[in-house]
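> Pasting the sequence and the predicted model now:
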Amino acid sequence: GTPAAPPAAAPDASAAAQTPAAADEGIAAPKGFWIFAAICAAVLVLFYAMLTWARMEIFKMLMASFFPLAVMIAAVLGSIAFGLATPSEAAAMGAMGGAMLALAYRRLNLPVLSEAVFLTAKTSAMVCWLFVGSSIFSAAFALLGGQRIIEEWVLSLGLSPLQFLLLAQVIIFLLGWPLEWTEIIVIFMPIFVPLLNTFGIDPLFFGLLVALNLQTAFLSPPVAMSAFYLKGVSPPHVTLNQIFLGMMPFMGIQVVAIFLLYVFPGIGMWLPTVLYR
């Protein structure tokens, strides 16, 4: 069968012999990268130069609604990915960006600000209590021998790494129906993580599979929390069945993405490996 995770690379003697100063030096981008970026920029300019009047109006609407939010999201996530800011610092910059967008749209007033502060405090308190409860649960579960019992049970099944991945993903998929991702991550993931070393599975690779799996579970009937969220903001004539039918193709894409990630782990592992290892 296909290996569950890419094997760990053997340490390179030449890399280990590098001095700290040499290791800290940046690597210049290859010439092909800049050529590709220039070609993409030229194609983008050419595309917008050929826009018709109707498409130009749509483009103006996107510039006023979608693009500012997309730039803010890309800046927040990009600052984390490239190590320019910690998640907390990036979250603060995202909050500032949201306030600036509200000011630009002339929506920054006292009622909106007070509601945002209240919802932020409410969500933060919920997440903090969730972490407190998960820590107590994990400690009591381990103290009473629950983790050891589960490990012995899983190991007694004689599962291969592929079978263990399938079992874990099926359980997480079913948990994704009644529970939010926060409960699954902080309560149930600590049960699976200690077993990863036993089966030789990279924790990062397992986390990527779990993320894709949860996205699929949130779109899957009969619960499909995302469908109910979308129903709450959709026009009255849009029915829940239409939303379910519209999500089915995306669910298929998600399943194919999970399969491709398993067969070709480099799809998800390449960028973190380059940035952080």
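The structure has been received and is ready for your questions. Note that the structure is a prediction, hence the values are computed from the model and not measured.

> going forward, measure contacts between C-alpha atoms and count neighbours the same way
Will do.

> same question for the one helix or strand Thr123 maps to, mean pLDDT?
Element membership of Thr123 [criterion: DSSP states H and E] is helix 110-143. Mean pLDDT, computed over helix 110-143, is 83.

> Which other helices and strands does that helix contact?
Using 3 or more Cα pairs under 8 Å, 6 or more residues apart in numbering; DSSP states H and E as the contact criterion, no helix or strand is in contact with helix 110-143.

> residues of it that come out buried?
130-131, 134, 138 (16 or more other Cα atoms under 10 Å).

> ditto for stretch 196-205
199, 201-203, 205.

> Can you give me the end-to-end span of stretch 232-248?
With Cα to Cα, to the nearest Å as the measure, the first residue of stretch 232-248 is 19 Å from its last.

> pLDDT value on Ala74, please?
pLDDT, read off for Ala74, is 82.

> what number of residues lie near it?
12 (other Cα atoms under 10 Å).

> ok, now the one 10 residues further on?
Number of residues near Leu84 (other Cα under 10 Å) recorded here: 12.

> Find the helix or strand that it is a member of.
Per DSSP H and E, there is no helix or strand for Leu84.

> For it, what are phi and psi?
phi -80, psi -20 (degrees, to the nearest 10).

> Ile149 - how many residues pack around it?
12.

> quick one: it from Glu180, how far?
Ile149 is 26 Å from Glu180, by Cα to Cα.

> With Pro194 instead?
22 Å.

> ok, residues contacting stretch 91-98?
Stretch 91-98 is touched from outside by 72-73, 76, with contacts defined as Cα atoms under 8 Å, 6 or more residues apart in numbering.

> Which of those residues ranks first by neighbour count?
Val76 (23 neighbours).

> and it, what helix or strand is that in?
helix 53-81.

> tell me which residues of that helix are tucked away?
59, 72-73, 75-77, 79-81.

> Which strand or helix spans the residue nearest the centre of the chain?
Centroid check for the chain by Cα atoms, centre = their mean gives Ala211 as the closest residue, at 5.9 Å. For Ala211, the element it lies in under DSSP H and E is helix 203-217.

> Helix or strand next in line after that helix, which one?
helix 225-233.

> Tell me the gap between that following helix and the middle of its chain.
20 Å (Cα atoms, centre = their mean, to the nearest Å).

> I appreciate the help and will end here.
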